[in-house]
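> I'd like to go over a predicted model; first the sequence, then the structure.
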Amino acid sequence: MLTHVARSFGSVSVLEDVDAHMPAGSINEIVGENGAGKTSLLRILAGTLAPTSGGVTIAGSPPGRGLASLVPAGDRALYWRLTGRQELEFFARVTGVSRPQAAETAAQAASALQVEHLMDRQIGTFSTGQRRRLMVARSLVGLAPVLLLDEPYADLDESACGVVDAAVRTWTEQRGLVVWTSPTVGGGPAPDRTFRLVGGKLLDG
């Protein structure tokens with residue numbers, strides 16, 4: 001998936017010679033200090049940031065083209081004036097889901113993240129944790145085979161973390177691939193493999 005990937009911003013090198021293979025049906029944890037390059041790596045996998053050098057493939061194809069769904073840290077990516085239902089159905093449509101299927105996939109994702117009771121409320125009225133769960137639900141409604149989660153447990157209580165963990169694990173069992181990042185171990189769903197991003201390099205364990 002990642003072959004000798006490097007990324008620099010001007011004279012500052014963020015990633016250096018990153019190699020990793022992450023198979024379908026697995027959850028992969030990337031741990032690193034703030035500024036280690038975790039978000040840059042997720043953006044490269046999502047196809048929204050090009051590497052300075054090296055190669056990237058998602059399911060055998062170049063990144064982008066709807067192959068990966070990125071859940072960024074924070075909640076600025078949400079349309080706060082929409083209802084939860086409108087947000088999920090809109091995102092399903094723009095990622096290629098047909099109109100008849102959009103409502104169904106939105107309902108399934110809402111159920112998986114236990115936000116069904118919020119679907120007809122405006123997102124601006126949600127708590128921070130509720131918006132976080134909605135963002136994870138949004139990542140499940142598209143056709144992307146890869147989920148990229150930046151600090152998935154941020155702003156969640158223990159119960160909500162369990163909900164996210166269960167939803168992601170179920171999705172992975174259907175041959176999806178998950179990559180999540182956090183400054184600390186345990187900041188996301190229980191991983192099958194742990195990587196550490198140190199000095200721009202991706203290390204096992």
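Looks like it arrived, so ask away.

> what about the spatially closest residue to Leu82 that is not a sequence neighbour, distance to Asn34?
Nearest residue to Leu82, sequence neighbours excluded (CB to CB, 6 or more residues apart in numbering): Ile123, at 5.8 Å. The way it works is simple: take the backbone N, C-alpha and C, and place the C-beta from them, glycine included. Distance of Ile123 to Asn34, computed by CB to CB, to the nearest Å: 27 Å.

> Trp80 now?
For Trp80, the distance to Asn34 - CB to CB - is 26 Å.

> out of these two, which sits in the busier spot?
Trp80 (13 against 7; other CB atoms under 10 Å).

> quick one, what contacts the more buried one?
Gln122, Ile123, Gly124 (CB atoms under 8 Å, 6 or more residues apart in numbering).

> Report the buried members of those.
Ile123 (16 or more other CB atoms under 10 Å).

> Including pLDDT, could the contacts of Trp80 go into CSV?
Below are the contacts of Trp80 laid out as CSV (pLDDT from 0 to 100):
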residue, pLDDT
Gln122, 97
Ile123, 97
Gly124, 96
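
> want to throw the contacts of Trp80 into JSON lines with distance to Val12?
Shown next, in JSON lines, are those (distance: CB to CB, whole Å):
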{"residue": "Gln122", "distance to Val12": "40"}
{"residue": "Ile123", "distance to Val12": "35"}
{"residue": "Gly124", "distance to Val12": "36"}
